[in-house]
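> Return atomic coordinates for the entry below.
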Amino acid sequence: QVQLVESGGGSVQAGGSLRLSCAASGYASGNYCMGWFRQAPGKEREGVASIDRDGRTFYALSVKGRFTISQDKAKNTLYLQMNSLKPEDTAMYYCAADRIDWWFVAKYNYWGRGTQVTVSS
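Take a look at the predicted model:
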């Protein structure tokens, strides 16, 4: 059973940076599509960044140029470097994994519990 645990969230001022981590365990062999999603109160969960099984990266328009997704397969860890943070980036951030390339579709089989990011103006 794949388990995902996010960390690195916190409170920052606008313009600041955070790096989220997602530690994975219980992986079977093979490649996984990995994604970062976020959900603000009263809003739907939205895809932020994804890295598919071929290693291609994808970003939501709202974060492109500010966020960077990466992974260290040796450590089974996914990262999201977030720069130039804005108040509208405030949300709970979740990582997700699946053997299917879901990209920004929230149908991943495995999800973490999330880490809160709060950006103040």
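
> which residues touch the spatially most central residue of the chain?
Residue closest to the average C-alpha location in the chain (C-alpha atoms, centre = their mean): Trp36, at 2.2 Å. Counting by C-beta atoms under 8 Å, 6 or more residues apart in numbering, Trp36 touches 20, 22, 47-50, 67, 69, 78, 80, 93-96. C-beta coordinates here come from the backbone N, C-alpha and C atoms, glycine included.

> Of these - the most surrounded one?
Counting neighbours by other C-beta atoms under 10 Å, Cys95 leads those with 30 neighbours.

> Tell me which helix or strand it sits in.
strand 91-98 (DSSP states H and E).

> State the distance from Ser7 to Gly112.
Using C-beta to C-beta, to the nearest Å, one obtains 9 Å as the distance from Ser7 to Gly112.

> Mind listing the shared neighbours of those two?
Shared contacts of Ser7 and Gly112, counting by C-beta under 8 Å, 6+ apart, come down to Cys22.

> So between those two, which is more surrounded?
Neighbour comparison, Ser7 and Gly112: the larger count goes to Gly112, with 22 against 13 (by other C-beta under 10 Å).

> Show me what the residue nearest to the centre of the chain is bridged to.
Ala49, Cys95 (DSSP bridges).

> For it, give its distance to Trp103.
11 Å.
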